[in-house]
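K.L.:
Take a look and give me a structure for this.
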Amino acid sequence: MIKYILKRIANYVVMLFIAVSLTYFLASAFMDPRSNYMSRHPHPPIASINRSLDLANINDQTPVIIRYGRWLKNIVTRWDWGLSPDQSPVGPAIASRIGASVQLVTLATILGVVFGVSIGVYTAIRQYKWQDRALNTVATFFLVIPTAVLGLLIVLLAISFNKATGGRIFYVTGLHSYTGSNPLMWFLDFAQHLVLPTIVLTIPGMVSYHLTQRTYLLDTMNADYVRTARAKGLPLNIAIRRHALRTSLIPTAVDVAFSIASVFTGAVITETVFAINGVGSYFVQAIGQNDINGSVAVTAFGGVCTLTGALLADIFSAWLDPRIRLS
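P.N.:
Predicted coordinates:
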């Protein structure tokens, strides 16, 4: 197992290096940081613009291969991801955003997977019964609601609840507001801020995993090995739990693994609604500002998340299905 993991990590490091390098060249080709200065009226002197672009290593008058070499050298030797067009460091900016996103999406992802898979198993076992129809109707309803609308609805309900109780039970912006040193008060304040965005992020994930897990389980419930177990006298619930469920969880694990990056970068709407400075909003901001270094840094973070999830999915799949050999 250890040999397999090390081999996979080595392969993933090579894949990540290639993907991030290609992203750098694509971002350099399509983004125009010079336009940030030229669009001003009046624009700064050309010499001043070139000096600012050179400081950030994003001057389009310098060959891209030279800029790439400098950028790669700074990362390898100093873990320096460069500067934005406004001369602000990319590394510290994205580090703080990653911290905020981890706090925001971790609990929501776990709850979405646990509740979604559980409901999917529950409805698959009760296919076409009233429980299945009712939960599928609710899932379809939430599936078609845009995240922005769901977020605003949750905010309005929270504001109404706060007014009805005469206190501030829920916070609708940010992740923290407590500045004291009491850990219990800090946790309470964090929970009050986190509960609303967690609900908004949990519902779409839960609905998605519910519907996909139901489909996967229905496919495996009719497999030959499940019917054979039933024919030998094994009760339906035990046959599903011992045989069908383990197999049906494998594609779900893969889905979860490859959705990790999109959970971080795709939470931009929720971050906007609740005024949270996360990776998603930073990515949109970087693209809008022609921030080559910032965009590539977010891509690198997303690649690490995806490949880490892929490795965990491989290990989890082998644990679920002994027929898979990690060799």
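
K.L.:
Would you map the helices across the chain?
P.N.:
2-30, 34-38, 46-55, 64-78, 90-125, 130-144, 147-165, 183-221, 224-231, 236-239, 245-265, 268-273, 279-288, 292-320 (DSSP state H).

K.L.:
out of those helices, nearest to residue 177?
P.N.:
helix 183-221 (5.9 Å; Cβ to Cβ). To be clear about C-beta, it is placed using only N, CA and C from the backbone, and glycine gets the same treatment.

K.L.:
Quick check: phi and psi on residue 174?
P.N.:
phi 70, psi -180 (degrees, to the nearest 10).

K.L.:
So it is in contact with residue 278, correct?
P.N.:
No - between residue 174 and residue 278 there is no contact under Cβ atoms under 8 Å: 11.2 Å.

K.L.:
Compare neighbour counts for the two and give me the winner.
P.N.:
More crowded of residue 174 and residue 278, by other Cβ atoms under 10 Å: residue 278, with 27 against 13.

K.L.:
count of residues packed around the residue nearest to the more buried one when sequence neighbours are not counted?
P.N.:
Among residues not flanking residue 278 along the chain, residue 101 sits closest, at 3.9 Å (Cβ to Cβ, 6 or more residues apart in numbering). Neighbours of residue 101 under the rule other Cβ under 10 Å: 24.

K.L.:
Need the pLDDT of residue 101.
P.N.:
Residue 101 is assigned a pLDDT of 87 by the prediction.

K.L.:
Provide a list of residues in contact with it.
P.N.:
Contacts here follow Cβ atoms under 8 Å, 6 or more residues apart in numbering; on that basis residue 101 touches 264, 267, 271, 278, 279, 280.

K.L.:
what's around residue 182, how many residues?
P.N.:
Residue 182: 10 neighbours (other Cβ under 10 Å).

K.L.:
separation between it and residue 189?
P.N.:
10 Å (Cβ to Cβ, to the nearest Å).

K.L.:
try residue 118
P.N.:
30 Å.

K.L.:
who's more crowded, these two?
P.N.:
More crowded of residue 118 and residue 189, by other Cβ under 10 Å: residue 189, with 18 against 14.

K.L.:
and the spatially closest residue to the more buried one that is not a sequence neighbour, backbone torsions?
P.N.:
Of all residues not flanking residue 189 in the chain, residue 178 sits nearest, at 3.7 Å (Cβ to Cβ, 6+ apart). With angles defined as degrees, to the nearest 10, residue 178 sits at phi -80, psi 130.

K.L.:
Touching, residue 178 and residue 187? I think so.
P.N.:
No - the pair residue 178 / residue 187 is not scored as a contact, 9.1 Å apart, by Cβ under 8 Å.

K.L.:
thinking again about what came up before, which of the contacts of residue 101 tops the neighbour count?
P.N.:
Most surrounded of the contacts of residue 101: other Cβ under 10 Å gives residue 279, at 29 neighbours.

K.L.:
For the nearest residue to it once chain neighbours are set aside, give its distance to residue 265.
P.N.:
Nearest non-adjacent residue to residue 279, counting by Cβ to Cβ, 6+ apart: residue 101, 4.4 Å away. Counting by Cβ to Cβ, the gap between residue 101 and residue 265 amounts to 9 Å.

K.L.:
Which neighbours do these two have in common?
P.N.:
279, 280.

K.L.:
returning to that earlier point: of the contacts of residue 101, which is the nearest to residue 88?
P.N.:
Nearest to residue 88, judged by Cβ to Cβ, of the contacts of residue 101 is residue 279 at 16.2 Å.

K.L.:
Would you enumerate the residues in contact with that closest one?
P.N.:
94, 97, 98, 100, 101, 264, 265, 267, 298, 301.

K.L.:
No further questions, thank you.
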